[in-house]
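Novice: My questions are about this predicted structure, shown below with the sequence.
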Amino acid sequence: MGDSKYQRYLLSLPLLVIFTFSSPCVYAQTFKERLEQQTDFMPQNSFPAEQLIEVARRFKLPMAIEWLEQTKEQAKPQLTFKGGSVLDLIEAIVRQSSEHQLLIEDRILYVCPPAVVSHPFNFLNLRITNYSVKDESLFGAEAALRTSINMMLYPELYKNGYGGGYGGGYPDVFWQKNITFSGHDLTIREILTGIAEESGNAFWIVKLKPEELIGDKPKWIGVPINKYGHSPINSRWQFIPLSEERSNNSAEVDKSRSF
């Protein structure tokens with residue numbers, strides 16, 4: 001597979017911000033080799049977004065999936081794939097929905113609906129003034145993002161400061177403290193991607209509903225904090241592990257949990 005094929009994807013999504021992170025050449029080469037691997041694998045799920053999850057986990061491919069759910073009037077998707085590369089399989093999955101396109105970066109695959117990537121009502125475009133985690137677990141990095149969103153949307157609740165800590169979670173691999181990531185004026189999309197890439201064992205998915213992109217204001221405006229003390233936005237994404245195998249230091253990871 002030549003580099004020109006990758007370039008075509010990059011040029012096909014002018015609206016999508018491309019996130020650039022430094023990475024060793026060996027990582028990019030391994031990523032490319034995984035995409036070129038030949039397969040006849042067929043996902044068991046009948047819906048494209050879930051099919052992408054199956055492929056990501058089976059072939060250990062980091063992805064960022066921003067999926068616009070289809071309306072009832074749209075035709076039921078049908079996957080047509082008779083064998084080829086893993087990239088061919090992913091292309092076939094994405095082709096089931098004309099609203100979505102695929103972008104290939106050095107370390108991650110992006111699937112998104114270009115028409116709504118820059119939409120002002122897309123919560124992934126909300127910007128966090130300052131975000132920073134050091135030697136943190138994925139759960140800890142996620143908690144820091146949720147707190148940042150709360151502080152942005154409900155500043156009156158934080159005028160006297162706030163308490164730290166976060167609860168338990170599964171899978172155990174997300175307790176490994178291997179994430180260091182920071183930046184200013186980052187979108188939620190950029191932060192989710194940064195967390196996933198720094199983890200090295202995660203990808204994320206967000207499902208957008210067509211109705212949340214219509215109207216005269218974003219749906220999160222004026223929505224009170226929920227019973228868990230969070231903005232409803234904070235439950236909109238999902239991190240999924242590429243592998244749930246425990247590392248050799250899992251016992252140490254368990255001891256470091258905060259509650």
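Specialist: Arrived safely, thanks for sending. Please read all numbers here as calculations on a predicted model, not as lab measurements.
Novice: Name the nearest residue to residue 63, sequence neighbours excluded.
Specialist: Leaving aside its sequence neighbours, residue 63 sits nearest to residue 203 (Cβ to Cβ, 6 or more residues apart in numbering; 4.3 Å). To be clear about C-beta, it is placed using only N, CA and C from the backbone, and glycine gets the same treatment.
Novice: Surely the one you found is within a strand?
Specialist: Yes - under DSSP: H, G, I helix; E, B strand; the rest coil, residue 203 falls within a strand.
Novice: Can you give the strand pairings for the helix or strand harbouring residue 135, parallel or anti for each?
Specialist: Using DSSP states H and E, residue 135 sits in strand 127-136. Next to strand 127-136 in the sheet, as set by DSSP bridges, lie strand 179-187 (antiparallel).
Novice: just how off-centre is the partner strand within its chain?
Specialist: Distance of strand 179-187 from the chain centroid (Cα atoms, centre = their mean, to the nearest Å) equals 15 Å.
Novice: Pull out the buried residues from it.
Specialist: Neighbour counts using 16 or more other Cβ atoms under 10 Å place 179, 181, 186, 187 of strand 179-187 among the buried residues.
Novice: try stretch 197-213
Specialist: 197, 198, 199, 201, 202, 203, 204, 205, 206, 208, 212, 213.
Novice: okay if I get the residues you listed as CSV plus pLDDT and distance to residue 104?
Specialist: As requested, the buried residues of stretch 197-213 are exported to CSV (pLDDT from 0 to 100; distance: Cβ to Cβ, whole Å):
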residue, pLDDT, distance to residue 104
197, 94, 14
198, 95, 20
199, 94, 20
201, 94, 20
202, 96, 18
203, 97, 14
204, 98, 17
205, 98, 17
206, 98, 19
208, 96, 22
212, 94, 28
213, 94, 26
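Novice: From those, pick the one nearest residue 99.
Specialist: For the buried residues of stretch 197-213, the residue nearest residue 99 by Cβ to Cβ is residue 208; the value is 10.3 Å.
Novice: can I assume the closest one is in contact with residue 122?
Specialist: Yes - shown here, residue 208 and residue 122 form a contact pair, counting by Cβ atoms under 8 Å, at 6.7 Å.
Novice: Give me the common contacts of those two.
Specialist: residue 116 (Cβ atoms under 8 Å, 6 or more residues apart in numbering).
Novice: Name the residue closest to the centre of the chain, please.
Specialist: residue 204 (2.6 Å; Cα atoms, centre = their mean).
Novice: all helices for the stretch 151-259 of the chain, in order.
Specialist: Under the criterion DSSP state H, counting those that start in this stretch, the stretch 151-259 of the chain contains helices at 188-199, 250-255.
Novice: Lowest average pLDDT across those?
Specialist: Per-stretch mean pLDDT for the helices of the stretch 151-259 of the chain is lowest at helix 250-255 (a mean of 38).
Novice: tell me, how many neighbours does the nearest residue to residue 124 once chain neighbours are set aside end up with?
Specialist: Residue nearest to residue 124 in three dimensions, not counting chain neighbours: residue 189, with 4.1 Å by Cβ to Cβ, 6+ apart. Counted with other Cβ atoms under 10 Å, residues neighbouring residue 189 total 25.
Novice: residues in contact with residue 189?
Specialist: Contacts of residue 189 (Cβ under 8 Å, 6+ apart): 17, 64, 66, 124, 125.
Novice: can we see that at 10 Å?
Specialist: By Cβ atoms under 10 Å, 6 or more residues apart in numbering, the contact set of residue 189 is 16-17, 19, 64, 66, 110, 112, 117, 122-127, 204, 206, 237.
Novice: May I see the PyMOL selection of the buried members of the residues you listed?
Specialist: This is how PyMOL selects the buried members of the contacts of residue 189, with burial counted by 16+ other Cβ under 10 Å:
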select buried, resi 16+19+64+66+110+112+117+122+123+124+125+126+204+206+237
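Novice: from the contacts of residue 189, which ones fall inside strands?
Specialist: Those of the contacts of residue 189 mapping onto strands are 64, 66, 110, 112, 127, 204, 206, 237, per DSSP state E.
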